[in-house]
Every structure is written in C-alpha cells, then in structure tokens.
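1. sequence first, predicted model second:
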Amino acid sequence: MYPAAFEYHAPTSVRDALGLLGSLEDAKILAGGHSLVPMMKLRLAQPKHVIDLRKVPGLTGIKEEGSTIVLGAMATHWDVESSPILKAKAPVVAETAAVIGDPAVRNKGTIGGSLAHADPAADMPATAIALGFELVCEGPKGRRTVKADDWFQGLMSTALGEDELLVEVRVPVWPAGSGACYMKFPHPASRFAVVGVCAAVTLDKNGACTRAGVGVTGAGTKAVRARGVEAGLAGKRLDAAAIEAAAQKAAEGVDVQADLQGSVEYKAHLCRVFARRAIEAAVKRAQG
Amino acid sequence: MATASVERLIGKSIKRREDPRFITGRGSYVDDIKLPGATWAAFVRSPHAHARIRSIDTAAARKHPGVVAVYTGQDMTGVNSLPCGWDLRKEKNIPGVVQDLAMVPHMPLTADVARHVGDPVAVVIADSQAAAADAAEKVKVDWEVLTAVTSTERAAAGDAPQLHAGAPGNVAFRWEIGDGVATDAAFKSAPVTVKRRIVNQRLVANAMEPRACAARFDPATGELTLWVTSQNPHVHRLLMCAFVLGIPEHKVRVISPDVGGGFGSKIFLYNEEVVCSWASRQLQRPVRWTATRREAYLTDAHGRDHVTDAEIALSREGKILGLRVKTTANLGAYLSTFAPAVPTFLYGTLLNGVYAIGAIHCQVTGVFSNTTAVDAYRGAGRPEACYVLERIVEAGARALGMDVAELRKRNFIPKFADGFQTLVAVAYDSGDYGVALDKLLGMFDYKGFRAEQAAARQQGRLLGIGFSTYIEACSIAPSKVVGALGAGAGLYESGKVRVHPTGMVTVYTGSHSHGQGHETTFAQLVADELGLPVEQVEVVHGDTGAIPFGMGTYGSRSASVGGTALHMSVGKIKEKGKKIAAHLLEASPSDIEYVNGQFQVKGFPSKAVPFGAVSLTAYVPHNYPEGLEPGLEETSFYDPSNFCFPFGAHACVVEVDRETGQVKILKYLAVDDVGNVINPMIVDGMVHGGIAQGVGQALWEGAVYDDASGQLVTGSLMDYAVPKADMLPMYETERTVTPTPVNPLGVKGAGETGTIAATPAVVNAVVDALAPLGVDHIETMPLTAERVWTIMQTAKAAT
C-alpha cells in the first residue's frame, strides 16, 4: 500500500495554501486524509502534489456568532461530535458526526474535508441540507458563501472552485420549538450511509409545522433536499398519518443508484422508511 | 523434602501469556523481521478474470530507479507447478472417485493465461517497497481478454469458457459417498420428502495480518531461510523443496513467527513465497513481500462456495429415512494445496450428523472457474455439511408441522461411549447428543419463547428461533486413513520436551499458534503433568530449525494431536526420571512414583528427589545409573487412531425488521461438547470467535464476483462485511463434557465448532421468523437486509 510518489506541502496560512493551489499542477488538498490517503494508497488517486492544511492556523475551532455556529473547516468529526456548543444548540450536528466511520476516522477526518470530498454516502451532507448549513469558500478573489443546497452538484463534485478552499462551515441555530434527527441505514462493512435522512422541524404552539428541512444522503449520487417531504410537512399537525404521507415523497428527486447493498426499489423504500423515522424522532424532540 | 499438593492446572482459565506482547504491539510478525540488504517484491497481477498473455514488456520497469530484477513466468525455468496435496484418482483406489481429479498446473507466475483477477504474471524486485510498486506499474502486459466464468452453477455448463486443457468442461472431479441404491429405495417408499436448493456462498478468510514472506539465501552456506505466515512451516518447506523448487530440504529453514490469524488460509503453499525464495537464490539477496489487503482479497484461498440440492425423506412420525445431496463445489481457477479434500472427505463424511438416518447418498462435482482458488476455511467442508443437514432437517420438520427440536430428538443417535459407525465412512468416537440439546433447552424457556413469538406475531412482529445440533470431525487425522483417502501427507504431530539442567522446561511443538494460545495451553498441559509452576515451561513453535518435523495447526487438531504428542514425551521424561531418582534413592525404578513435582518412593513422600535435582543429575551424571544416557529430553510423534467428533446444540433468536428486512439477533445460546477442556477461557474465546464467523456468513459476508467482468466486487474491508463487536449479541455458552476415548487427554477439539454451528442456527431462525408470511425456505446467504426484504415482498405478492 504505497502511494505513487508525490510532493508534500504544508503551508502555514490560507494565503500560502491558496498560492500553492493556484500555482501547482495536479494538487490535492489534504484535510484529515481519511478519504484521500486510502485512494492514494490504492493508487486510484495519484496527485503530483498534496497540500496539507493541518498547519494552517485559524481553520479549527467551533464558536457561536449570534444565531449561527461557526465551525472551522479543519474541525475534526470528534471536535464536532463533542462540542458543547453544538450539543446545546444544534445537537443533530454532533449526533451526525458521532456516527461517521469509527473513532479513528472521527479523530482525523474533518467536517470541511468531508463536505468538500462529497462522498455520496457521507452522513453530514444530509444534515447540512436539512439544517441549511452555509459553506464559506476562500479564493484569490476573497470569500464567498454557498448554501448547502447549492454545494452538492454531483458525484463527488461540489460548488468549490478549483482555486478555492473551504474554510468555514456555518450552522444556523433553529428557534425554540424545533427538533431534528439524523438516522441512517449503515453499510455493514464501511458504515457509510446506504441511506441516511436528516429531518428538522419547527412546531408552533398548536403543534403545527412552521418549518421543515429534510436532507437525504446515500441513495443517490449526491445528497439532496427532499422538497416533497418538506411540502408535505409544512403547515400540518404532524401526527402519524401526516408524517407517513409526507415521508412517501422521500425518494423523489433522488437519482437512486443500485449496488450490492440494494436495488433502486429497495433503496427508495429505505429513503421513505428512514424519512418517516427521522421525522417522528424530530417531532418528538420538537415537542420537548 | 515434601512438597505441598500442587494444584492442577488443566481446567484452569490461565490468562494467555502471549497476549501482553500482542496487545502492546511487541509481537514479531514476518513484516517485523529486519533483514539487512533486503529487496522487495511487487507482483504484477492480472486485472482480468481470464486473459491470454500475448507478451510482457518489462523494459521500462527494469530501468526504474532501484529495480534489481524483473521476472516473468518464462524466466522461472526449472520451477514446477505448485502441488496439490490431495489426489482423487481411481488408480490410487481412492474411495468414491467417479471421475479422476484433473491435476491442472498452477505455475508460480503464469506464463500463458491468467485465470482469475489477481493471478500473478510477473514480479518486480527493487531496493524499496515503493520502488517495486512504482516499477510494477510500468510492466506492460499485452492481454487478449477471454470470456470468464465465475458462477458455481455455470462453470461446468456446456458454453462456459474452458480454463484448463486438462480439465474438459471445467470439471475438476466427480465423487460420491454413501449408498445410492438404498437411498433411492428410501425415497421411493417415504411418505414425506422435501427438496431444497441450499447455497453456501463464497467467503474470504480475512486474517488480520496479511500474508507475508521474507526469503534469505545465504551464498556462504547455501542455506535458504524463509520467514512466512504459515500455519504449518514444515509442510511449507516440504512442498516447496520437494515439489516446486527442487532444493534439498535440509538446506531450507522455514520460520513462521507470530502469525496474526489464519483460519485455514495460511495452510497452503502460495505463489509469492515460492517466487521470493527462488528470486533470493537468483539474486543472492533477501527478497521479501507483504500482501496488501487488496492482494489478500484476491489471492488468499477463499472458502465454501457450494451449490447443493438436498432432499430429505421422512416418516410421518418424523424419522429420517433418507438424505440425498448433490453438490457443486467451486474450486476456483487452480487446485489449492488441499482443495479436493474439502468438498469430499471433509464434507460428505459429516452428512450423517447426529442423527440415525436410514440411507445417505452424496454426489459432489468439483468445478474450475475464473475465481480465486478455494480451499479450507475455518471448518472446511464440515460447516457446509452441517449447513445442508441442519437446514434440510428444519425444512423437513416444517413440512411435517413438527417442532424442530422435537424432530431432532426423535432422530438423535443414542448415547455411546466407544464408537458409532456412520453411513458415510467415518466412525464417531463418543457422543451424547440428546444431553446437549436438553441442556440448551434448559438455558431458556423454549415453550415460553414460542408463546412470546405467537403474541409478537399477533402484533405484526417477526420473531424466530433456529437450532443447530451439529457434529464435526477434528483432531485431524489418522495418517493411514487419510492416506487411503488421497492425502499426500501423514497427519500425526510431533512434541518434544527438553528439560534443562535447572529443571526449567522447553516444549517444542509441531503445532503452530496463530491466535489459538498454544504458548499458554501447552505450557499448562506440560506443567500440569509435571507438577511444575506454569512459569517453568516455555513453548517453542513455528521454526523448522528448532522443532521436530510437525504438521501444523488446522482442523482443530492442536490440543488433541499435538497435545497428545507432548503428553507422550512427558511420560518418557517421567520414566527416565524414575530411573535416575531410583539410583539416587537407592530404590528400584518400579518403586518410584512421580507426585507433585518430585520423584518419591511409592507412599513415602519424605523419601523423594525433586524434579530439579533429577534434571541436574541427568546433565551432571557423576552419580548415575549404569548404562543410562545422560540428558533429559524426549521426542514423540503421535498419530491418532481416529478423528474426534465434538458436537453440541446452538440456538439463535432473531427479530426481523418488517420494514427494512434487517435481522437483529436477540439471543444466542450455545452448548458445546469438545471433550475435556484444558483452558476454559481459551475454549470460550474460540467458541465466541467461531460463532462470530458463523453469524458473519449467515448475515453479512460474501465474496461477490461481477458476472460479466469476473471482477471481485467485494474486494476490500469497505465492501466485504466482516462482523464487528457491535453487530453481535452477548453469547450464552455452556458445555457438556464427553471425553474422547481416542486420545489419553480426552480432548476433542474446539477451534471450529462455533463456525460450524452458528450459520444454520441463524438462517433457520430467520426462516422461522418469516413463517407467518408464508416463507418456508431461504436459498442464499448472506441474509442482508435487502435480501430479506425482497423475500418478504415476494411472499406478500404470492399471498
């Protein structure tokens, strides 16, 4: 398991990292390495240059900015999973991080690395879409913010420009009366999501749904927003029948892929089952 | 000097003395061996399942910096095929042969055709692992891609592509056991018959340590030392010297140091260690190789891969009148070392199970396909037999509307202590099968469970229970018997006990520990018999330069065969010690007994010489019996008179998620009878690990080839699901103890029981859970959520 030869770079500022990224041919960003390094060891990826971000200051840490929680792109899954701020204000994000891979993966893998890699079976994309994360990219021309909905563009492809770094992940805090839950059917070998659904709801005093966010990962080539489900929840009192009816739309808009873990039919079915289960749990949490 | 009564060590759960070094990273595996001046080999492997080599261009690889040599199959002149050590031919009078085994060649580097993905065609040897890997990518093979066949069912079909000129129709052999005429008659007159297709899917062994080798030819002495991940270093040496490389056996030393798991896959002689040994002699430098996980998936011998049509004939009272089994066994692209034995003599001979059966007939066809070679994997043939029998027995019970435990009880062979002749050649040693099931049923409220199940079904929940009352053959094996069945080897074991002058003891065993805990168990056994503290005994294994010729570890043979060899040597030590002690005590040797670590005059513990004084006298023989040789060291070879047959009863309770098809194990109960137990903790560990592997096959594991391309699509730990701790329940295990009369220790063997028993118990439980939907059979494992969901959908559609 020896990767092909490559040159290793460890810049110490975002500016330097961007400089390298702009000037080097065939360079890959290393932001933890739990996706890139295995690919390199199998020689499926053979970049000429690897730019490691671990010495770049300011890319880690989790802090509160008003009603937003700001995560450095190099925050590890463990940082996310164990963050007191997230646990208090957006617990579903910590919970999602807690079911990524295994402890070794979570100790080294980063939220930014994972979102930029955009594995179709990664967990966090479902939660990013459901809650409405914003992803802050920095490039030669400065910073720009991309909504999670616009981030995932295809199989392992994102809105991140070739000359940009993902530097920050912004998690909106949902108001009181909200609840969210991420549930997945893990691949028995890899623990990636065969299907994963994150559902978030806000209920008013009468128990009616004023806001819903539902993200689906795993089943297709990219994580998507389940708009049909959200529409089915909006404005309704979320009893079992309403949830069931809404969840039936969970596979709509998902380009479900068949593989060893399931046929298109089965995975679409799992989308509906896990949507219902995630919504039920989210509603229960929203009800307190 | 009287000693206090020494506590018996046999039967105590002494902690494994090897574990501290393993769990603190201080083990010494092949990859840890430091060899100055070593070169590294990287193999160029076929990316195709079936392809002819038009040409190989190695020029660019040779020019790569650091490359020492590049060899193809054509360069390896004078090197023979890897041997198959089991011969099924009529002219050898092997019983049951219907069509002779096709002894097809298996060259270390194939020079004409690659027959499976991963088949090695060239090797690059370089100063570093990285340079070798880089240069291997520069070897250009001009391939003519051929059609491939990977499916067990289609491998011998008329239109399947042919793998070997010497195996027309891809048939490796045809073999049978039992009585076809009597079986046909039994079926003809039976009131109830049930026929089922039962598929035992292909598995990958997945030892934690990948295979590795390091070959060092010493030009000064002409000696070759090979460090290799082997379960049987002497077998490796013999096969490599005598059959493949033609180098004198006494000039080769094979060392298997710490080995991280084998499960059978490290029994066999493989291409890579042969190539590295050969290349080291060519280059006069050490050559080494460590498999990547990807290489392990593609080249370690796989296991199982049977497609079987099984039929059971029953009386209305549930008596088993007949069993008819037709199996196709996929052997892969080549004959691995012991491949032909696994689906024949390790399979058909176990189909009698624990039941009195009227008549049995089993026919097996071995087939070649464009897949990795298949050979022994934990249980090896016995799990396949147990799976067929325990599945068809429950199918028979369902057809009769009879409780599955009750049907078994009606058919158990009654208790016996000294032999039961089966209908399929073997004679069991000792057994008390009903007691094991009774004990199992006593561990939980079976009637209560059935009530709970009925109530759960009312609520739409799918609960099920499955049983497995298994038997297995271990303590492999009586040499004469296996020789008559086609084995190219004897299957005795060696054990040497060396007592040092100070009374310290070193034990040399031909068994090999690659996880089994021999360093503890054998020390415990010898210390117990000598009445010494266990710390006074050290165990050496895995080095042909240190141990007497030994056959190694597989087939749950170490304690029963290897342990008995040590027991015999301890006996010889005691006999010689008595002569020395008698001389010192001025008594007759026949008046000396060995008690609590001292030689004493019978009945007079005060007239005694301690063990250490006798050992010192043996090496400083100033005051010494006339005519007695100095020294205190004895070697024994033990060849068992029969196999041993452990047995037991397992039960599994599952719940199936109606929506997703996911199977959850709620309870797993096991009663095993492995005869006498030396170290209960170690036996428990083997049972636990075995159950995990058995459950793994039932629910998650499976090597899957893409039909069209012949690619192994489950070729990594990300795709091939090995069981993990959090996927398994807490096991509840018990034992019954029926000592074997075969060996003086009364031990049967414990290494494979769990694997054999668990798989049918789990699948039977799922079938039971799905019964309310009209499901009465599941053909194929693993029972992934999707497979179970699909079965439920199909059943719903049918009703």
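-> Nice, thanks for sending it over.
2. low-confidence ranges in the chain?
-> In the absence of a named chain, this looks at chain A. Within chain A, no range satisfies pLDDT under 70.
3. sorry, should have said chain B
-> For chain B, the ranges with pLDDT under 70 are B:1-6, B:799.
4. ok, B:Gln363 - contacts?
-> B:Val98, B:Arg174, B:Trp175, B:Glu176, B:Val325, B:Lys326, B:Thr327 (C-beta atoms under 8 Å, 6 or more residues apart in numbering or on different chains). C-beta: built from backbone N, CA, C; applies to glycine.
5. list the ones among those residues that fall in helices.
-> Using DSSP state H, no member of the contacts of B:Gln363 sits in helices.
6. any of those residues buried? List them.
-> B:Arg174, B:Trp175, B:Glu176, B:Val325, B:Lys326, B:Thr327 (16 or more other C-beta atoms under 10 Å in any protein chain shown).
7. which two of those residues have the greatest separation?
-> Pairwise distances across the buried ones among the contacts of B:Gln363 peak at 13.8 Å for B:Arg174 and B:Val325 (criterion: C-beta to C-beta).
8. circling back: so which of the buried ones among the contacts of B:Gln363 belong to strands?
-> B:Arg174, B:Trp175, B:Glu176, B:Val325, B:Lys326, B:Thr327 (DSSP state E).
9. my guess is the fifth one contacts B:Asp309, does it?
-> Think B:Lys326. Yes: if you go by C-beta atoms under 8 Å, B:Lys326 and B:Asp309 touch, sitting 4.7 Å apart.
10. okay, now the domains of the chain?
-> Because you didn't say which chain, this covers chain A. A:7-52, A:62-172, A:178-286 (automatic domain parsing).
11. look at chain B instead
-> For chain B, automatic domain parsing gives the domain ranges B:19-24+B:492-638, B:34-143+B:208-261+B:266-299, B:303-477+B:642-798.
12. return the most buried member of those domains.
-> Sort these by mean neighbour count, taking mean count of other C-beta atoms under 10 Å in any protein chain shown, and domain B:303-477+B:642-798 sits at the top with a mean of 22.
13. pull up the distance across that domain, start to finish.
-> 35 Å (C-alpha to C-alpha, to the nearest Å).
14. what's the next secondary structure element after the lengthiest helix in chain B?
-> Determined from DSSP H, the single longest helix within chain B is helix B:563-585. The element immediately downstream of helix B:563-585 (helix or strand, assigned by DSSP states H and E) is strand B:592-595.
15. residues making contact with that next one?
-> B:Gly531, B:Lys574, B:Gly577, B:Lys578, B:Ala581, B:Ala582, B:Leu585, B:Phe599, B:Gln600, B:Val601, B:Lys602, B:Pro605.
16. now those as CSV including distance to B:Val737?
-> Below are the contacts of strand B:592-595 laid out as CSV (distance: C-beta to C-beta, whole Å):
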residue, distance to B:Val737
B:Gly531, 23
B:Lys574, 26
B:Gly577, 31
B:Lys578, 31
B:Ala581, 34
B:Ala582, 37
B:Leu585, 38
B:Phe599, 32
B:Gln600, 31
B:Val601, 35
B:Lys602, 31
B:Pro605, 31
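17. contacts only, for the residue of the stretch 201-350 of chain B found nearest chain A.
-> Residue nearest to chain A within the stretch 201-350 of chain B: B:Thr292 (4.8 Å; C-beta to the nearest C-beta). Under the criterion of C-beta under 8 Å, 6+ apart, the contact list for B:Thr292 reads A:Met1, B:Pro210.
18. how near is it to B:Pro65?
-> 22 Å (C-beta to C-beta, to the nearest Å).
19. can you check B:Leu101 too?
-> From B:Leu101 to B:Pro65 the distance is 47 Å (C-beta to C-beta).
20. pretty sure B:Val762 sits in a strand.
-> No: counting by DSSP: H, G, I helix; E, B strand; the rest coil, B:Val762 is not found in a strand; it is helix.
21. show me which residues of the one helix or strand A:Ala275 maps to are buried.
-> A:Ala275 belongs to helix A:264-286 when elements are defined using DSSP H and E. Of the residues in helix A:264-286, A:264, A:266-283, A:285-286 count as buried by neighbour count, 16+ other C-beta under 10 Å.
22. so which of those residues reach chain B?
-> Contacts with chain B are made by A:Tyr266, A:His269, A:Leu270, A:Val273 out of the buried residues of helix A:264-286, judged by C-beta under 8 Å from any C-beta of the partner chain.
23. and which of those residues is nearest B:Thr152?
-> For these, the nearest to B:Thr152 is A:Tyr266 (24.8 Å; C-beta to C-beta).
24. so what's that closest one up against?
-> A:Tyr266 touches B:Glu786, B:Trp789, B:Thr790, counting by C-beta under 8 Å, 6+ apart.
25. and the last one, what helix or strand is that in?
-> So that's B:Thr790. Residue-wise, B:Thr790 maps onto helix B:785-798 under DSSP H and E.
26. show me what that helix is packed up against.
-> helix A:264-286, helix B:753-770 (3 or more C-beta pairs under 8 Å, 6 or more residues apart in numbering or on different chains; DSSP states H and E).
27. the same query, at a cut-off of 7 Å, please.
-> Judged by 3 or more C-beta pairs under 7 Å, 6 or more residues apart in numbering or on different chains; DSSP states H and E, helix B:785-798 is in contact with helix B:753-770.
28. relative to B:Asn623, how far out is the residue of chain B positioned farthest from its centre?
-> The C-alpha centroid of chain B is most remote from B:Glu586, which lies 51.4 Å away (C-alpha atoms, centre = their mean). Separation of B:Glu586 from B:Asn623 (C-beta to C-beta): 11 Å.
29. do B:Ile14 as well
-> 37 Å.
30. ok, now B:Gly166?
-> 68 Å.
31. how about B:Ser615?
-> 14 Å.
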